[in-house]
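>>> Dropping the sequence and predicted coords here.
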Amino acid sequence: MSGYHLCQVRKAVHPYYIESISTNIFTIEELCFYLQKNIYLIDETIMNERLCDWLRDELGLVRLYRKLYEQLERHESVGNFILPIFKEIGYLSHEEFKELQEQIAEIEVQPEDLRKKMKADYLVEYQMYANAIHEYYKILKNRGPGSMGVQFYASILNNMAGAYARLFLFEEAADCLWQSYGMVRSNEVYRKYLTALALYLNPEDYQEKLKELRVPEVQQKKIQETIRSLREEAHESEKANWFKEAGMQEALAEMKEIYHKSTRS
């Protein structure tokens with residue numbers, strides 16, 4: 001996007017709610033910005049009659065409404081649906097529009113599981129962890145035999161573990177990591193697994209688990225150093241300083257808000 005864009009169309013009184021990231025938009029410029037930056041997130045929460053009606057009723061864009069409605073009836077591709085939105089206000093330069101067309105064309109020929117993974121990864125960036133986990137789960141549940149290779153699905157489980165951890169669901173995170181490790185014997189994933197165990201098991205059970213796994217003492221020490229380092233980093237981070245300045249109750253309230261935002265249906 002070159003420079004910035006003045007609002008050329010009226011602002012909506014009632015916003016359009018993008019369910020996947022729990023966000024309201026009020027202008028067509030905001031819609032264009034979202035579409036340009038989040039191609040992988042374009043799904044039924046955007047390509048639907050509700051958006052068409054919103055453009056007509058809230059922004060007065062009757063011609064665009066008719067165009068998009070026709071695209072829906074013909075079950076057109078993502079590109080054919082969203083590109084007219086950019087054209088409506090000349091949001092992109094000629095070069096930017098061409099680049100976007102090429103990007104969409106590349107995405108449309110990608111394997112479906114890869115597109116879904118990118119969508120889930122974007123949801124993680126938006127802190128929509130529960131939505132991301134749901135997308136990762138669908139990939140794992142519906143994958144075809146050998147469609148993308150073991151390494152790909154092991155990475156799905158690894159990313160899924162990260163989303164669980166952001167929700168403080170460390171047992172679920174550990175389970176994902178263990179499954180990932182079972183697919184691809186990655187030392188990095190195994191290290192993460194052992195670290196995740198320490199975040200939900202009590203010390204006695206954790207030590208028992210390490211014995212069960214026959215984790216060498218040298219590796220146990222490395223894991224303990226990693227955990228200690230993580231705690232020190234957390235203590236010294238800006239977030240930790242904010243805890244001290246604003247108080248624990250406010251910090252917990254913010255974390256609770258992130259959790260509810262992510263799990264909101």
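Now that the structure is in, tell me what you want to look at.

>>> Helix or strand with the lowest mean pLDDT in the chain?
The least trusted helix or strand in the chain, going by mean pLDDT, DSSP states H and E, turns out to be helix 238-246, with a mean of 44.

>>> Over to R74: give its phi and psi.
Comment: the main-chain dihedrals of R74 come out as phi -90, psi 0, following degrees, to the nearest 10.

>>> tell me, how many neighbours does it end up with?
For R74, the number of neighbouring residues by other CB atoms under 10 Å comes to 10. Every residue, glycine included, has its C-beta placed from N, CA and C.

>>> got a list of contacts for the strand or helix carrying Y65?
Y65 is located in helix 62-73, with elements delineated by DSSP states H and E. Applying CB atoms under 8 Å, 6 or more residues apart in numbering, the contact partners of helix 62-73 are 47-49, 51-53, 55-56, 80-81, 84-85, 88.

>>> Neighbour count and distance to Y153 added to those residues, as JSON lines?
As requested, those are exported to JSON lines (neighbours: other CB atoms under 10 Å; distance: CB to CB, whole Å):
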{"residue": "M47", "neighbour count": "18", "distance to Y153": "27"}
{"residue": "N48", "neighbour count": "13", "distance to Y153": "30"}
{"residue": "E49", "neighbour count": "12", "distance to Y153": "35"}
{"residue": "L51", "neighbour count": "21", "distance to Y153": "33"}
{"residue": "C52", "neighbour count": "21", "distance to Y153": "37"}
{"residue": "D53", "neighbour count": "13", "distance to Y153": "39"}
{"residue": "L55", "neighbour count": "26", "distance to Y153": "39"}
{"residue": "R56", "neighbour count": "17", "distance to Y153": "43"}
{"residue": "N80", "neighbour count": "15", "distance to Y153": "31"}
{"residue": "F81", "neighbour count": "21", "distance to Y153": "30"}
{"residue": "P84", "neighbour count": "14", "distance to Y153": "37"}
{"residue": "I85", "neighbour count": "21", "distance to Y153": "35"}
{"residue": "E88", "neighbour count": "20", "distance to Y153": "40"}
